[in-house]
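[1] the amino acid sequence is not available; the structure is as follows:
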């Protein structure tokens, strides 16, 4: 099954928890703090695998969660960092945030990588909290939570040449006649419901990668007949073979319609070099109208249109060589690059306080992360979190809102009781 658009959920690994521990050794009754740090959680990384050409893998699996880091140990032993979760995608995959629509990356080159979610850092062991005034700290940190995101993956096929035209123009037959591709072919509209790729070998040193783009109809740029899904695959191509159906009632009107749909979808498509070919020249009816079509195409600025037969192979090799000539003179493709993503700097003091039916809700990335990294069973960790609440102004904001003794405060997944 060819799938070129999916949504998946990804989450990086949580950092390992830091340990609260004191050194134990014979004849050393009061060893110092030696709790180790937690290991780093695994990143979520997308990597291009050139042997893939569809997103069908994600049709069966839609959740990807990286492993967590290991917990710290005694004797200052740090926990093991987790391995990254590498998700393989085909060349031409565009990755964006499904919630915001922000573009995160455009992966083109084999082996290209993009880190989407960074793993959480490991929590610090109590060795880090010792000082001259507190030489036996009973506090440590839990690991930082991982990042999570709903992702949208869209595949735009990468091909040298795209074959476009109305339904039943013979695009699949042309692809099959010049490559080893085996598309479904029959004499009715919309036989092809998915793009196809094939490699044509012109000689020992020259090959072309061709993409058969399913037939486009009026309104394709708005999604009619899945047109918008098909049109995006043309964006990667550098040259177009515009195949006309010689038996159509008006091949010239078909030619104008397809060009208009491409321009309405993406104005850059209108400027792509294209060679126009009228198919089915082996049939007498097409032979009769071919001179008039050629003359009219020349009037409209299409020099040297060709007549071919995908069924018999007539002039097909010449058509590919002409497309190859246009390809050599076409502008080089833009180098692969990761798109810059605007991520606003997080204000550590930014939070909101709201009243709920069950108590008070404190929301904010920094305060929620700090709560998730707190060992609530350790007095030292509790005091440290209380000082953070005071420093950020959360205490003052709750008092202004009217909080009373015994009220419940929710911070992330944690439920606390307010006491003055």
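    Noted; the coordinates are in hand. Everything numeric in this text was worked out from a predicted model, so none of it was measured.

[2] let me see the domain layout of the chain.
    Following automatic domain parsing, one gets these domains for the chain: 1-155, 161-329, 352-417.

[3] make TSV from those and add mean pLDDT and mean neighbour count to it.
    Glycine gets a C-beta too; all of them are placed from N, C-alpha and C. Formatted as TSV, the domains of the chain follow (pLDDT from 0 to 100; neighbours: other CB atoms under 10 Å):
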stretch	mean pLDDT	mean neighbour count
domain 1-155	89	19
domain 161-329	78	18
domain 352-417	89	15
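
[4] who does the residue nearest to residue 360 when sequence neighbours are not counted bridge with?
    Nearest in space to residue 360, with sequence neighbours left out and distances taken as CB to CB, 6 or more residues apart in numbering, is residue 409 at 4.9 Å. Applying DSSP bridges to residue 409 gives these bridge partners: residue 360, residue 416.

[5] didn't residue 409 look like it was pressed against residue 363?
    No: taking CB atoms under 8 Å as the definition, residue 409 is not a contact partner of residue 363, at 11.3 Å.

[6] which SS state does residue 369 fall under?
    Following DSSP: H, G, I helix; E, B strand; the rest coil, residue 369 is assigned to helix.

[7] repeat that for residue 99.
    Once three-state DSSP is applied, residue 99 turns out coil.

[8] residue 213 versus the closest residue to it other than its chain neighbours, what's the distance?
    Distance criterion CB to CB, 6+ apart; nearest residue to residue 99, sequence neighbours excluded, is residue 150 at 5.6 Å. Counting by CB to CB, to the nearest Å, the separation of residue 150 from residue 213 is 29 Å.

[9] for the stretch 1-150 of the chain, which segments are assigned as strands?
    Secondary structure of the stretch 1-150 of the chain (DSSP state E, counting those that start in this stretch): strands located at 5-11, 44-48, 63-65, 85-89, 93-97, 103-107, 113-117, 148-155.

[10] so the residue nearest the centre of the chain bridges to which residues?
    In the chain, the C-alpha nearest the mean C-alpha coordinate belongs to residue 95, at 1.9 Å (CA atoms, centre = their mean). On the basis of DSSP bridges, residue 95 takes part in beta bridges with residue 105, residue 153.

[11] i'd like the first residue to be 854 from this point on
    Done: numbering now begins at 854, and the last item shifts to residue 948.

[12] that one against residue 958, yeah?
    Yes: applying CB under 8 Å, one finds residue 948 in contact with residue 958, separated by 4.7 Å.

[13] overlap of the contact sets of those two?
    Both residue 948 and residue 958 are in contact with 899, 967, 969, where contact means CB atoms under 8 Å, 6 or more residues apart in numbering.

[14] and the residue nearest to the last one when sequence neighbours are not counted, what is it in contact with?
    Spatial nearest neighbour of residue 969, chain neighbours left out: residue 897 (5.0 Å); criterion: CB to CB, 6+ apart. Contacts for residue 897 were tallied using CB under 8 Å, 6+ apart; they are 863, 864, 865, 917, 919, 937, 938, 940, 968, 969, 970, 1000.

[15] quick one, what contacts the last one?
    With contacts defined as CB under 8 Å, 6+ apart, residue 1000 is in contact with 864, 865, 897, 970, 971, 973.

[16] then residue 974?
    By CB under 8 Å, 6+ apart, the contact list for residue 974 reads 868, 893, 894, 996, 997.

[17] hmm, try it at 6 Å
    Contacts here follow CB atoms under 6 Å, 6 or more residues apart in numbering; on that basis residue 974 touches 868, 893, 997.

[18] for residue 933, which non-adjacent residue is closest in space?
    Excluding the flanking residues, the one nearest residue 933 by CB to CB, 6+ apart is residue 923, at 4.3 Å.

[19] and that neighbour, how far from residue 996?
    9 Å.

[20] what is in contact with these two at once?
    Common neighbours of residue 923 and residue 996 (criterion: CB under 6 Å, 6+ apart): residue 869.

[21] tell me where the stretch 954-1103 of the chain has helices.
    Along the stretch 954-1103 of the chain, the stretches classed as helices by DSSP state H, counting those that start in this stretch are 1024-1031, 1080-1084.

[22] list the beta-bridge partners for residue 886.
    Bridge pairing for residue 886 - DSSP bridges - gives residue 875.

[23] residues contacting it?
    875, 979, 980, 983, 990.

[24] so what's the fourth one up against?
    When contacts are counted by CB under 6 Å, 6+ apart, residue 983 is found next to 886, 990.

[25] can you rerun that using 7 Å?
    Taking CB atoms under 7 Å, 6 or more residues apart in numbering, we find residue 983 in contact with 885, 886, 990.

[26] for the strands of the stretch 854-1003 of the chain, which one sits closest to residue 1159?
    The closest of the strands of the stretch 854-1003 of the chain to residue 1159 is strand 1001-1008. By CB to CB, the value is 30.7 Å.

[27] just how off-centre is stretch 997-1009 within its chain?
    Its chain's C-alpha centre and that of stretch 997-1009 lie 7 Å apart, by CA atoms, centre = their mean, to the nearest Å.

[28] likewise for stretch 1006-1014?
    Stretch 1006-1014 sits 13 Å away from the centroid of its parent chain (CA atoms, centre = their mean).

[29] can you get me the start-to-end distance on that stretch?
    One end of stretch 1006-1014 to the other measures 23 Å (CA to CA, to the nearest Å).

[30] neighbouring contacts of it?
    For stretch 1006-1014, contacts defined as CB under 7 Å, 6+ apart pick out 857-859, 861, 907-908, 911, 942-948, 961, 1048, 1050, 1061-1064, 1085-1086, 1088-1092, 1094, 1176, 1180.

[31] ok, residue 860 - contacts?
    Residue 860 touches 951, 1003, 1004, 1005, counting by CB under 7 Å, 6+ apart.

[32] ok, which pair from the residues you listed is furthest apart?
    Pairwise distances across the contacts of residue 860 (CB to CB) peak at 7.7 Å, for the pair 1003 and 1005.

[33] which neighbours do these two have in common?
    Joint contacts of residue 1003 and residue 1005 (CB under 7 Å, 6+ apart) are 860, 951.

[34] before we move on, back to that, which one of the contacts of residue 974 is nearest to residue 1147?
    residue 893 (66.3 Å).
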